[in-house]
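*Asks:* I'd like to go over a predicted model; first the sequence, then the structure.
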There are 2 protein chains.
Amino acid sequence: MSFPSLQEQLDIITANTVEIISSAELEQKIQHSIKTGAPLKVKLGADPSRPDLHLGHSVVLRKLREFQDLGHEAILIIGDFTAMIGDPSGKSKTRPQLSAEEARENGASYFEQASKILDPHKTTICYNADWLGNMTFADVIRLSSHYTVARMLERDDFERRYRSSEPISIHEFLYPLAQAMDSVHLRNDVELGGTDQKFNLLVGRDLQREYGILPQVCITMPLLVGTGGEDKMSKSLGNAVCFNDLPSDMYGRVLSIPDTLIENWCRLLLPLTGEGRRAILEGWEEDPRTAKRRLAREIVMQYYSAGEAGAAEEHFDRLFVHKQAPTEIELTRFSEPELPLVDLLTTLGAAASKTDARRMIQQNAVSIDEEKITDVKTIITLSDEPKTLKAGKRKFFRIATAGNS
Amino acid sequence: MSFPSLQEQLDIITANTVEIISSAELEQKIQHSIKTGAPLKVKLGADPSRPDLHLGHSVVLRKLREFQDLGHEAILIIGDFTAMIGDPSGKSKTRPQLSAEEARENGASYFEQASKILDPHKTTICYNADWLGNMTFADVIRLSSHYTVARMLERDDFERRYRSSEPISIHEFLYPLAQAMDSVHLRNDVELGGTDQKFNLLVGRDLQREYGILPQVCITMPLLVGTGGEDKMSKSLGNAVCFNDLPSDMYGRVLSIPDTLIENWCRLLLPLTGEGRRAILEGWEEDPRTAKRRLAREIVMQYYSAGEAGAAEEHFDRLFVHKQAPTEIELTRFSEPELPLVDLLTTLGAAASKTDARRMIQQNAVSIDEEKITDVKTIITLSDEPKTLKAGKRKFFRIATAGNS
């Protein structure tokens, strides 16, 4: 196989990165790949305990896609091994324990979502329980003999916690080693991650060296700032735009970012060579509103289509710019004439779960024919005549029985 | 089963101990044992990578024997799991890697030697690879979630090394946890060890509590000072008296200790209630020489018999007190007329190995018919007429060919 020239590859690979450890080794690896025709193996770890991807994830996924487009091999590692253990000390809320089945399901969902950015046909997907799950106590002792306590305590959060006498469980030292073992197993050339993953990537690099493997190049990407303009994007902070958000929601959320984020989001979220990126970067300071609308359209296009992006923009304009009620709301018909409101909301997709539905009702966010409903136990009586259900600020549904009309 | 009274038991159990954590819990456990008729389970860990027992080991073994004599259950854990791993970082010289077979052989040898102090018929012997060997990476993560980094770093040697920036490999944190897991597996009531084991015993106690088991009482015993009178007894320091030393060697080595050690050795090495102990403690200050001779006889008696102890004393007196040559040296006959001196020394048991034999020759410690031999390559020509070989200060052999005489 033949690859673009070293300089062409470097221009693309280095774009948007925060750090490359080391640039010299990256050059050597690319040159070797050009010479031998063998693609580089590029690893990205995925945490199946947080299965909803958002634009923050897309920054590293886009970098991985750029490697794919240059002809290299993308390897997505689903970290099901640690996800199945969870946090045995029960102190971390972000590490729930998953069953083997849930881990595989979430992994498949991760891959499906990631395929909106990656080329799925050129992506290798692995589950690390396949090798880590076979390791014995003796294997773990051998593995952990390759790393020192002092070095592990250099990690930012460990150092801070150790200094302030916050407990660190010994098993927390084993997670970076487990993840580094993936790099030993795969013998990959490059690993990608956000800047918060730098330490873990370096453990993988060190461990490969200890095992006599040419060490991986570590490439860190910036963490995307969320819609609020301050904190990094995170689903739990409510400042995220998710891959699975509806086009109209996605459009509206992008439009809600402060103008100061336009340039950064444009650089990190749009394809390097696209016309949209160039136009926004050139014009956003003069006309931020137009630039932000274009940014929102371009982002929706990536996860849906140009048509859906246009429709999302029109929908938004009707609702907020022209303050009109939405037209052409699709009618949903139900066979039962009476249904609990909670079930209606989840069936229609207006709520993610029954808990979510109850919360929405309690927060006065649900109305039927412009009448607020606040009792979570309400049963709705349907008829031939469609009713309009409104959930939240922007979701409208028309509902009726499966009658003759 | 019925046990001696609480006070009788406490008098014996607390004798010679350095620390009991905690005395209140020990009392409760003994009372519970008396009430229910169930013996206490008392654990002692044994390291099969150092299979030669010496008097230093006998201090804790004697305490274990005292528990047996009170009716309690002695459990000897052979630590074959870690012995089979060795030190994977290759930094520790005292942790050679054993095969499964060697570990079992050394374990059996340990038990055989320990039986000179313990009642072998009332001793349970276990190999911890039986349970630790079945643990997976996931099990190790769960295990290590029960202990914090800060707490592990409180251990004396870890703290010192961490402060002075000497590397500590992460696997070193796993060894105390593995050993503590033994206590979780066995659910023992008491664990014994030298004062250098205090931290490890406490990890076992903590871990039992974490696993919802009534925590073990930790009893530490003093470390025996070696024959030199300063360092703790250790085979590698050459200041040890081993269980397997010949009676005459054992007798001579005990007699070589400084007078200041007599009382301490007497307290730690002789049975609590023996007449020898009482007599030595009462009279040693007035007549240390007699006391030391009695101490040496009493110690040899424990590992051999009263007769052998007496013979060892006579042998010693002939050689050193009356400066006579030993009588009745057994004659060893060889089929070959010519033999390398090195082989002769090892075959006769005068040297432990060929390396040892060469060292003896180089140190001018070997003579044949009162003529020193210093060339390690010397070949000895034997004849019908016996020659006298002297190795070291006290070992004499007569050697000849397997002729007609």
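*Replies:* Ah, there it is. Numbers count the residues shown, from 1 in each chain, chains lettered A, B, ... in the order given.
*Asks:* Could you pull out the helices in the stretch 101-250 of chain A for me?
*Replies:* Assigned by DSSP state H, counting those that start in this stretch, the stretch 101-250 of chain A shows helices spanning A:129-132, A:137-144, A:149-152, A:156-163, A:171-186, A:198-210, A:247-255.
*Asks:* Just give me the neighbour total for the residue of the stretch 201-350 of chain A found nearest chain B.
*Replies:* Closest approach between the stretch 201-350 of chain A and chain B, counting by CB to the nearest CB: residue A:210, at 10.1 Å. Where you see a C-beta, it was placed from the backbone N, CA and C, and this is true even at glycine. By other CB atoms under 10 Å in any protein chain shown, the residues close to residue A:210 number 15.
*Asks:* Now it: closest residue in space that isn't a chain neighbour?
*Replies:* Distance criterion CB to CB, 6 or more residues apart in numbering or on different chains; nearest residue to residue A:210, sequence neighbours excluded, is residue A:146 at 4.3 Å.
*Asks:* Which residues are in contact with that neighbour?
*Replies:* Residues in contact with residue A:146, defined by CB atoms under 8 Å, 6 or more residues apart in numbering or on different chains, are A:206-207, A:210-211, B:89, B:169.
*Asks:* wait, which of those is closest to residue A:220?
*Replies:* residue A:206 (15.8 Å; CB to CB).
*Asks:* Check the closest one and give its pLDDT.
*Replies:* Predicted confidence (pLDDT) for residue A:206: 94.
*Asks:* Isn't it up against residue A:152?
*Replies:* No: the criterion here is CB atoms under 8 Å, and residue A:206 misses it with residue A:152 at 10.8 Å.
*Asks:* which residues in chain A form strands?
*Replies:* For chain A, applying DSSP state E gives strands covering A:19-21, A:41-46, A:73-78, A:123-127, A:190-194, A:217-221, A:331-334, A:338-340, A:366-368, A:371-372, A:379-381, A:387-391, A:395-401.
*Asks:* coming back round to it: minimum distance to residue B:13: which of the helices of the stretch 101-250 of chain A has it?
*Replies:* Here helix A:137-144 is closest among the helices of the stretch 101-250 of chain A (CB to CB), at 33.8 Å.
*Asks:* Mean confidence (pLDDT) on the closest one, please.
*Replies:* Mean predicted lDDT for helix A:137-144 stands at 92.
*Asks:* just stretch A:77-90 next, same as before
*Replies:* pLDDT averaged over stretch A:77-90 gives 81.
*Asks:* Equivalent analysis for stretch A:222-236, please.
*Replies:* 91.
*Asks:* Same check on stretch A:107-124?
*Replies:* Confidence over stretch A:107-124 (mean pLDDT, whole number) is 92.
*Asks:* now that stretch, how far from the chain's geometric center?
*Replies:* With CA atoms, centre = their mean, to the nearest Å as the basis, stretch A:107-124 stands 12 Å off its chain's centre.
*Asks:* Can you point out the buried residues in that stretch?
*Replies:* A:107, A:110-111, A:113-114, A:117-118, A:123 (16 or more other CB atoms under 10 Å in any protein chain shown).
*Asks:* Could you report the neighbour count for residue A:126?
*Replies:* The number of residues packed near residue A:126 is 18, by other CB under 10 Å.
*Asks:* pLDDT score for residue A:372?
*Replies:* Looking at residue A:372, its pLDDT stands at 86.
*Asks:* Contact partners for it?
*Replies:* By CB under 8 Å, 6+ apart, residue A:372 lies in contact with A:364, A:366.
*Asks:* cool, residue A:283 as well?
*Replies:* A:290-291.
*Asks:* ok, now residue A:259?
*Replies:* Residue A:259 neighbours (CB under 8 Å, 6+ apart): A:284, A:288, A:292.
*Asks:* The last one contacts residue A:253, correct?
*Replies:* No: under the contact definition of CB under 8 Å, residue A:292 does not touch residue A:253, with a separation of 11.6 Å.
*Asks:* of these two, who's got more company?
*Replies:* residue A:292 (22 against 19).
*Asks:* Next up, the contacts around that one.
*Replies:* A:254-255, A:257, A:259, A:262, A:284 are the contacts of residue A:292 under CB under 8 Å, 6+ apart.
*Asks:* related to what we said a few turns ago, I'd like the helices of the stretch 101-250 of chain A as a markdown table, with distance to residue B:247 appended.
*Replies:* Output for the helices of the stretch 101-250 of chain A, formatted as a markdown table (distance: least, CB to CB, whole Å):
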| stretch | distance to residue B:247 |
| --- | --- |
| helix A:129-132 | 56 |
| helix A:137-144 | 42 |
| helix A:149-152 | 48 |
| helix A:156-163 | 55 |
| helix A:171-186 | 51 |
| helix A:198-210 | 51 |
| helix A:247-255 | 89 |
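*Asks:* Quick check: which of those helices is nearest to residue B:49?
*Replies:* Among the helices of the stretch 101-250 of chain A, helix A:137-144 comes nearest to residue B:49, with 14.7 Å by CB to CB.
*Asks:* quick one: pLDDT of the residue positioned nearest the centre of chain A?
*Replies:* Nearest residue to the geometric centre of chain A (CA atoms, centre = their mean): residue A:53, 2.6 Å. Looking at residue A:53, its pLDDT is 93.
*Asks:* Dihedrals phi and psi, it?
*Replies:* For residue A:53, the backbone dihedrals are phi -80, psi 140 (criterion: degrees, to the nearest 10).
*Asks:* Against chain B, how distant is it?
*Replies:* As for residue A:53, its distance to chain B is 26 Å (criterion: CB to the nearest CB, to the nearest Å).
*Asks:* contacting residues around that residue?
*Replies:* Counting by CB under 8 Å, 6+ apart, the residues that residue A:53 touches are A:61, A:110, A:113-114, A:242-244.
*Asks:* could you redo the residues you listed as TSV and give each row distance to chain B?
*Replies:* Formatted as TSV, the contacts of residue A:53 follow (distance: CB to the nearest CB, whole Å):
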residue	distance to chain B
A:61	28
A:110	21
A:113	27
A:114	26
A:242	30
A:243	31
A:244	31
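*Asks:* wait, which of those is closest to residue B:178?
*Replies:* Distance to residue B:178, by CB to CB, is smallest for residue A:110 among the contacts of residue A:53, at 35.3 Å.
*Asks:* got the contact list for that closest one?
*Replies:* With CB under 8 Å, 6+ apart, residue A:110 has these contacts: A:46, A:48, A:51, A:53, A:76, A:78.
*Asks:* of all the strands of chain A, which lies closest to residue A:248?
*Replies:* It is, among the strands of chain A and with distance given as CB to CB, strand A:395-401, at 8.8 Å.
*Asks:* between the closest one and strand A:387-391, how many degrees?
*Replies:* 150 degrees (axes from the mean of the first three to the mean of the last three CA atoms, to 10 degrees).
*Asks:* Give me the residues contacting strand A:395-401.
*Replies:* Residues contacting strand A:395-401 (CB under 8 Å, 6+ apart): A:325-326, A:329-337, A:344, A:348, A:350, A:380, A:382-391.
*Asks:* hmm, 7 Å instead?
*Replies:* A:326, A:329-334, A:337, A:344, A:348, A:350, A:382-390 (CB atoms under 7 Å, 6 or more residues apart in numbering or on different chains).
*Asks:* and if you look at stretch A:333-350?
*Replies:* By CB under 7 Å, 6+ apart, stretch A:333-350 touches A:332, A:351, A:353-354, A:357-358, A:360-361, A:366, A:373, A:376, A:378-382, A:389, A:391, A:395, A:397, A:399-402.
*Asks:* measure that stretch end to end?
*Replies:* 15 Å (CA to CA, to the nearest Å).
*Asks:* Let me see the mean pLDDT of that stretch.
*Replies:* 89.
*Asks:* for stretch A:242-261, same thing?
*Replies:* 91.
*Asks:* Show me the domain layout of chain A.
*Replies:* Using automatic domain parsing, the domain parsing of chain A gives A:6-221, A:245-321, A:331-401.
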